[in-house]
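Visitor: With the input below, show me the fold.
(4 chains)
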Number of protein chains: 2
Amino acid sequence: MSTEEQPQRVMMTRAARRVLEAAERLFYERGIHAVGVDLIAAEAGVTKKTLYDRFGSKERIVVEYLTARDERWRAFLAPYLDAEGMTPRERVLAVFDASRAWSAEHGSKGCSMVNAHAEISDPAHPAFPVIAGQKEWMLALFTRLAGAVALDDADRLGRTLLLLHEGALVAHGLNIFPDPIAHARDEAAALLG
Amino acid sequence: MSTEEQPQRVMMTRAARRVLEAAERLFYERGIHAVGVDLIAAEAGVTKKTLYDRFGSKERIVVEYLTARDERWRAFLAPYLDAEGMTPRERVLAVFDASRAWSAEHGSKGCSMVNAHAEISDPAHPAFPVIAGQKEWMLALFTRLAGAVALDDADRLGRTLLLLHEGALVAHGLNIFPDPIAHARDEAAALLG
DNA sequence: CAGAGACTATACAGATCGGTATACTCGTGT
DNA sequence: ACACGAGTATACCGATCTGTATAGTCTCTG
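Guide: Residues are numbered from 1 along each chain as shown, chains lettered A, B, ... in the order given. The predicted structure follows:
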């Protein structure tokens, strides 16, 4: 099996890690187009030379930013799902609990994938598969978890849970009403009967 | 009563209208930061001089863009709600029908308010009240329409409908599964009993 | 016909954009 | 002892960004 997934992987040296940390914070809080590479380098305490030696382009930093964020979210979610002695119904609700905790400790500007998608017009942009993949993964997760509650209605329930979840993230980011993720959790509970 | 709402209103001449039309299309499709005033002027068939004579700043164009879009949406929605002989339940579902029709004929990049919010970091930005106002209006609408179905549960239903609606717009923009707005409509119908 | 407002055309200012080049330092491993 | 990779510092490239200045045209109206 050939291992030529990407043109070349990024060497995650210490400086590269600092660049990625700075980029994650700045991209999420201010938006991707609003943040320049000079600012990222300055905030990371790194020269632009180093930044370009590691990543090669800003586009690549964006892709790594989204990929890293997705991986962190899945790692953050895992213990909520792996806890022992949960009913299938509780396991669905645990996703909302995890999202609520994530949003509390990380920023409150909504979903980074949705926000990034708003700034990217070209469908051929290498960040597109990352964004689409994250949402597909979430849909598959909800569908699988819902299947353990009501096998014959997994697809419908999975989609509805995804809509509630995405809607809650948007409502949380825009501060439309207090604690929308908790509300979505309650509605998900009612939905599962 | 003093009429000093804005520093000064925008004179909507023919050229100004063309600028706003171009800005609406470009901002929505490519994002706000990714579109410069030179491009807007060129697409509108207008000089930058004229653009700045009318609007004064790019920030102002952004505000007018969002305001105009909101007004168009409300005007688009109105006939769906004003139709005669609808039950309160049907009136709620009509919002989803309107959203589906709107998304079909306009772009499919999700909610322009949510997308704009993703690009604006400063809470003091004059576009903030427009964005927040639109979502508050939608929540109030859903709550009012839900109150005609089940008066004692209007607040809860209104919020849930909003989450479903926002989630559907996101899912539509990201193309996660086919026709999510129709799915949200079906779930809203089930929710209302 | 004369004035006023809306508009075009072009050039430019000052800053910032993504990206590159040169020259140097430092620490590690062999 | 020496090579090498990672990093710093700084200057620069062309392009593009928001915003302004000057000069002139067009059309409508009093």
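
Visitor: drop to CA atoms for contacts and neighbour counts, all remaining ones
Guide: Will do.

Visitor: Excluding chain neighbours, give the residue nearest to the residue of chain A at minimum distance from chain B in space.
Guide: Chain A approaches chain B most closely through A:Gly167 (3.8 Å), counting by CA to the nearest CA. Spatial nearest neighbour of A:Gly167, excluding adjacent residues (CA to CA, 6 or more residues apart in numbering or on different chains): B:Gly167 at 3.8 Å.

Visitor: which of the residues in the helix or strand where that neighbour lies are buried?
Guide: Using DSSP states H and E, B:Gly167 maps to helix B:154-174. Within helix B:154-174, the residues that count as buried by 16 or more other CA atoms under 10 Å in any protein chain shown are B:154-155, B:157-174.

Visitor: go on, stretch A:121-138?
Guide: A:Ser121, A:Ala127, A:Phe128, A:Val130, A:Ile131, A:Ala132, A:Gln134, A:Lys135, A:Glu136, A:Met138.

Visitor: counting contacts, what elements does the longest helix along chain A pack onto?
Guide: For chain A, the longest helix by residue count, based on DSSP state H, is helix A:58-82. Using 3 or more CA pairs under 8 Å, 6 or more residues apart in numbering or on different chains; DSSP states H and E, the elements in contact with helix A:58-82 are helix A:14-30, helix A:88-105, helix A:128-147.

Visitor: who touches the last one?
Guide: Residues from elsewhere that reach helix A:128-147 (CA atoms under 8 Å, 6 or more residues apart in numbering or on different chains): A:63, A:66-67, A:70, A:88-89, A:91-92, A:113-114, A:117, A:153-159, A:161-162, B:174, B:176.

Visitor: The residue lying closest to A:Arg156 once chain neighbours are set aside: how many residues sit nearby?
Guide: Of all residues not flanking A:Arg156 in the chain, A:Thr143 sits nearest, at 8.0 Å (CA to CA, 6+ apart). A:Thr143: 24 surrounding residues under other CA atoms under 10 Å in any protein chain shown.

Visitor: can you list the residues of chain A near DNA strand C?
Guide: Taking CA under 7 Å from any atom of the strand, the part of chain A that reaches DNA strand C is made up of A:33-39, A:48-49, A:52, A:56-59.

Visitor: quick revisit: in TSV, list the buried residues of stretch A:121-138 along with distance to DNA strand D.
Guide: Below are the buried residues of stretch A:121-138 laid out as TSV (distance: CA to the nearest atom of the strand, whole Å):
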residue	distance to DNA strand D
A:Ser121	14
A:Ala127	21
A:Phe128	22
A:Val130	25
A:Ile131	25
A:Ala132	27
A:Gln134	29
A:Lys135	30
A:Glu136	33
A:Met138	34
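
Visitor: if we can go back for a sec, determine how far the longest helix of chain A lies from the middle of the whole chain.
Guide: Relative to its parent chain, helix A:58-82 has a centroid offset of 6 Å by CA atoms, centre = their mean, to the nearest Å.
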